[in-house]
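>>> Give me a 3D structure for the following:
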Amino acid sequence: MNLRFTTLFALLTVASSISSPRAFISQKKDSNPTFVDSGVASGVASPSPLLTLRGGALGVTEDMAVKATYAVAGAYGLQFFLAPKFTIEQNFAVKADSYHSFLGRFTGLTMLVVLYTLSKCDTSVAFPISFIWNVAVAIFGPVYAELCLDTTPMHKVGIGLVGAVLAVHAAAAL
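Residues are numbered from 1 along each chain as shown. Alright, predicted model coming up:
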């Protein structure tokens, strides 16, 4: 029941951040916000002044997508780097040994280095790398683990988070 609620909450959160495609808002001094898209008649009042804060397709920018990668991959990278045994035992039905800890710490370090490198790139460079990296991580990480390994219920969180990051990237790419 909690997993269903969490999934529904995540989907509603992503859906609530989406605005109409190509509907950009113009805020002129001393006037009401108006749509200035060729597909929408000029002079129509904005449904919400909050839409003026949004940018990019569907209201999701490439910068937001890269920041979502920083947040999720950064959390997992730190967790694997600082507490690899805990992270492995929390997500998999296995007793972690020194080899698991070594690979977990090395994986965490690698994730953090990739994120640091992305942070030094312009968004136009970082976004496609982040998108491809997240697709690969999803396939070879949580999806593979769910299909082929003995995971714990906590591992479903990883699938949800990576799925949410991919949804943000897809929205930014539109």
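>>> Where does the prediction get shaky in the protein?
Scanning the chain for pLDDT under 70 picks out the ranges 1-58.
>>> Break it into its domains for me.
21-54, 58-174 (automatic domain parsing).
>>> just checking, which of the ones you listed sits deepest inside the structure?
domain 58-174 (a mean of 16; mean count of other CB atoms under 10 Å). In short, each C-beta sits where N, CA and C put it, glycine included.
>>> and whichever strand or helix holds Ile159, what other elements does it pack with?
According to DSSP states H and E, Ile159 maps onto helix 155-173. Secondary-structure packing of helix 155-173 (3 or more CB pairs under 8 Å, 6 or more residues apart in numbering; DSSP states H and E): helix 2-16, helix 62-82, helix 123-138, helix 144-148.
>>> Quick one: work out the angle between it and helix 62-82.
150 degrees (axes from the mean of the first three to the mean of the last three CA atoms, to 10 degrees).
>>> now helix 155-173 and helix 123-138, what's the angle there?
150 degrees.
>>> how about Gly104, what does it touch?
Phe80, Pro84, Lys85, Thr87, Ile88, Ala96 (CB atoms under 8 Å, 6 or more residues apart in numbering).
>>> next one: phi and psi at Ala83?
phi -140, psi 60 (degrees, to the nearest 10).
>>> That one and Val66: what is the separation?
Separation of Ala83 from Val66 (CB to CB, to the nearest Å): 26 Å.
>>> Between the helices and strands packed on helix 155-173, which one is closest to Arg105.
Across the helices and strands packed on helix 155-173, Arg105 has its closest neighbour in helix 62-82 (5.7 Å, CB to CB).
>>> ok, then the element right after that closest one?
helix 84-91.
>>> what's that following helix in contact with?
For helix 84-91, contacts defined as CB under 8 Å, 6+ apart pick out 76, 79-80, 94-96, 100-105, 107-108, 145, 151-152, 154-155, 158.
>>> again, only this time at 6 Å
Residues from elsewhere that reach helix 84-91, judged by CB atoms under 6 Å, 6 or more residues apart in numbering: Gln79, Phe80, Ala96, His100, Ser101, Gly104, Arg105, Thr152, Met154, His155.
>>> can I get those in a markdown table with distance to Ala164?
Shown next, in a markdown table, are those (distance: CB to CB, whole Å):
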| residue | distance to Ala164 |
| --- | --- |
| Gln79 | 17 |
| Phe80 | 19 |
| Ala96 | 27 |
| His100 | 27 |
| Ser101 | 28 |
| Gly104 | 23 |
| Arg105 | 26 |
| Thr152 | 20 |
| Met154 | 16 |
| His155 | 15 |
